[in-house]
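> the following comprises the amino acid sequence and a computationally predicted model.
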Amino acid sequence: MSGPLGWAAALALALLICLAWLGVDLQRDLAQKRLLLLPMIGALDNCLLSRGPTSNVETCGGDTDSAAGLIEGTLNSLGPRRSADGIYEVGYTLNVPLLRLFTLSADGRWVIDEAAAKRVANTIRRSERPMVLYMFSTHFSVGGALEKQLGADPRNLAYGPTGQPMDKGRYYHLDIYPWSVVDHSNSLTRMRETAINAVLEQVCQLPLRDRKKVHGVTVLGELHHLFPDFESGMGVSTSYQVSDYSDQSIQGFRQFLRARFVNVRALNEALGGDYRSFDEVVPPAKDIRTQRLSRYQDHIDSYATGVLPISGWAHEVNGPSAKAPWIHIFVNGLPVAKVPANLARQDVFTAVPSVGSADVGWRYDLNYSALAKGMHRIDIALEPADGGPMQYLAGRWVGVMGRDQAPPRLAPQSPLPPMSAKRSGTSFWLDAPSDQLSLYYNPLVPHWHEYRQRQVTDYLKHFASLVRHSCLGSGSVYTHQIVPFANPGWDASRFAIDDSLGDSTGMQLGISLYGRATYGPEMIDWLRSRRSKVAGVGAHGGSRAYGVTEFHPLKGMSARELNQVLMRHHAEGAQFISFFMEPRVKGKLFEPGINLFSFDPQNVAYGSDSLYEAMANILRAKSHDEPSRAVATGSAATP
């Protein structure tokens, strides 16, 4: 081909090729921008595990060898696979209970039920939807003889400060096991490894097109340390017991200190100690107020890190609905902090529904280790949302104590600024601190907590490495962690998971968000701060990708409101959002007993029915300015 027409044809052909490549890139970009909604559907165990006499084809959506039928029936009841506006795609989170994949052989050994492991792979193969593979094994009981056997072995359990294995606890009417995160060679760890490898082996036999449906793998679930009275003992108090005080953990702590301080002289200088060797160090485990100490460094409680949480809740009856009042905190008459009363306090809303919202909490962490020894006055005042005069709420005295426990002297006081008494329309409560609280800073305690956090991180990394060495290793491996600091009434040090929420796991961040943590700006600010710390280059550096492994706002929302929350997470880097759903076939709920946090039209708890309707409307709406009323008119499935 030659001449002007030839050149024109060649240019046209080149242009078409470029446009084709641009089209491919554009499609890829659009696919990457789509947010995956991957609900976790209940009762899939009925279809994955070996069937008992009550199992039948109908409960598995007509499928006899996978959970795909039940998944399709449930998700089709919610709405289309892709939202009308192209922003969302609906898949699923496949929860695989690792410790239930075993069966007892004729010779009395626990072996993998290969058929059950294969059903996991069959589910992925027979469903065309995107998914996250959740390798589930946490402190929550899944039942069965294997779990009881593992729970009877002390090597599998975390040890309390008495040097004995901790007792099994309860949470939401479920048994919880204080599984150890220290020992990587115990029978619990080996069973978890065996189950994960068995599932990965089956999944890796799938064709590439099916393996590409796996958009991520989460390992274990909410991994953290346990403590006595787990269900009601999450708060800040002087009754404080944590784990792990097993011999292996104590030896590990000494090694941790050796690596950090190199020699005993440096250790003693940092701690004000008199240790002759690292072998004399024992983790802090006693309360100086009620127990005899061998050394001052034995002391531990909720405040021994040198930080005093000051927290409570406040509500104005006639305050502007869109604004929260400010809480002013004074120490010895001088202002030290100003925080909004807008943090999640679901307990307050449950007990006092008249406040109208759970977002009435506040908290400030005071570094009291910088204060001089003595009695210090803490005063709390409220600045109304409408800008009226400051109102005095409450005051407390706290004693910053010396190691000799000598009676503290009064610290110098300054007069408070002018303020009025509390108005009749203001409700409040000061949770912490208690009046006349004594505070003992132990510089060994922060090191102990940091070591406990590293135990959690190292255990997660151990299991993530199994996935990394499999056919799914090039994909995303996520944590599935809670964020205790999002609840102002909790003591995050008990859980010891701060390190695992950072970048040290080498995994993508996966977090469970409830209440205000789903929709409030604080979590977005934390995500940006986390990226900044990882990258060291500002708010938008570091890895932006994360997953929301459990999601529930704990209140009803319209489709427009819920869409705004979802899009805010999408803009910040969320790759998927998972929420609980109840199993349905042809719209019919067949499994009795609804998960308290399931999005479902029959679940009125925490506005879950409203959230189900909002999610269904989002999937059907062409524009979220005027969301579809498909559910209201009955086009979506009803119970």
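That came through, no problem.
> centroid-nearest residue for this structure?
I482 (1.6 Å; CA atoms, centre = their mean).
> now that residue: how far from L366?
25 Å (CB to CB, to the nearest Å). For the C-beta atoms, the positions are set from N, CA and C on the backbone; glycine is no exception.
> can you list the low-confidence ranges for the stretch 1-150 of the chain?
1-32, 51-58 (pLDDT under 70).
> and the helices in it, which stretches?
Using DSSP state H, counting those that start in this stretch, the helices of the stretch 1-150 of the chain run over 3-33, 45-48, 68-78, 114-126, 145-151.
> repeat that for the stretch 251-400 of the chain.
Using DSSP H, counting those that start in this stretch, helices in the stretch 251-400 of the chain cover 264-271, 346-351.
> for I196, what are its contacts?
Applying CB atoms under 8 Å, 6 or more residues apart in numbering to I196 gives the contacts L98, M135, V219, F463, L466, V467.
> run the last query once more with 6 Å
Shown in contact with I196 (CB atoms under 6 Å, 6 or more residues apart in numbering): M135, L466.
> what of P165?
P154, L157, Y159.
> phi, psi for it please.
Main-chain dihedrals, P165, degrees, to the nearest 10: phi -60, psi 140.
> weakest of the helices of the stretch 251-400 of the chain in terms of mean pLDDT?
The minimum mean pLDDT among those belongs to helix 346-351 (a mean of 89).
> contacts for that helix?
Helix 346-351 is contacted by residues W313, A358, V360, G515, L554 when judged by CB under 6 Å, 6+ apart.
> neighbours of T290, how many?
By the measure other CB atoms under 10 Å, the count of residues near T290 is 8.
> check T305 too.
20.
> 56 is where my numbering starts, stick with that
Renumbered: residue one is now 56, and that last one reads T360.
> what sits against it?
V500, P501.
> and the gap between it and P94?
From T360 to P94 the distance is 38 Å (CB to CB).
> hmm, back to that, save the contacts of helix 401-406 as TSV, and put in distance to F631 too.
Shown next, in TSV, are the contacts of helix 401-406 (distance: CB to CB, whole Å):
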residue	distance to F631
W368	33
A413	25
V415	31
G570	20
L609	20
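> surely R136 and G146 touch.
No - using CB atoms under 6 Å, R136 makes no contact with G146, being 8.2 Å away.
> okay, the two: which has more neighbours?
Remark: of R136 and G146, G146 carries more neighbours, 22 against 16, as counted by other CB under 10 Å.
> show me what contacts that one?
L91, L93, R184, P185, M186.
> who's in contact with whichever strand or helix holds F606?
Element membership of F606, judged by DSSP states H and E, is strand 601-607. Strand 601-607 is contacted by residues 533, 535, 564-565, 567-569, 573, 628-634, 652 when judged by CB under 6 Å, 6+ apart.
> if we can go back for a sec, could you list which of the contacts of P220 belong to helices?
For the contacts of P220, not one is inside helices, with DSSP state H as the criterion.
> what's across from the residue lying closest to L426 once chain neighbours are set aside in the sheet?
Nearest residue to L426, sequence neighbours excluded (CB to CB, 6 or more residues apart in numbering): V455, at 5.0 Å. Using DSSP bridges, the bridge partners assigned to V455 are G429, L494.
> among the contacts of P220, which one lies nearest to S196?
S196 has its nearest neighbour among these in L212, at 13.6 Å by CB to CB.
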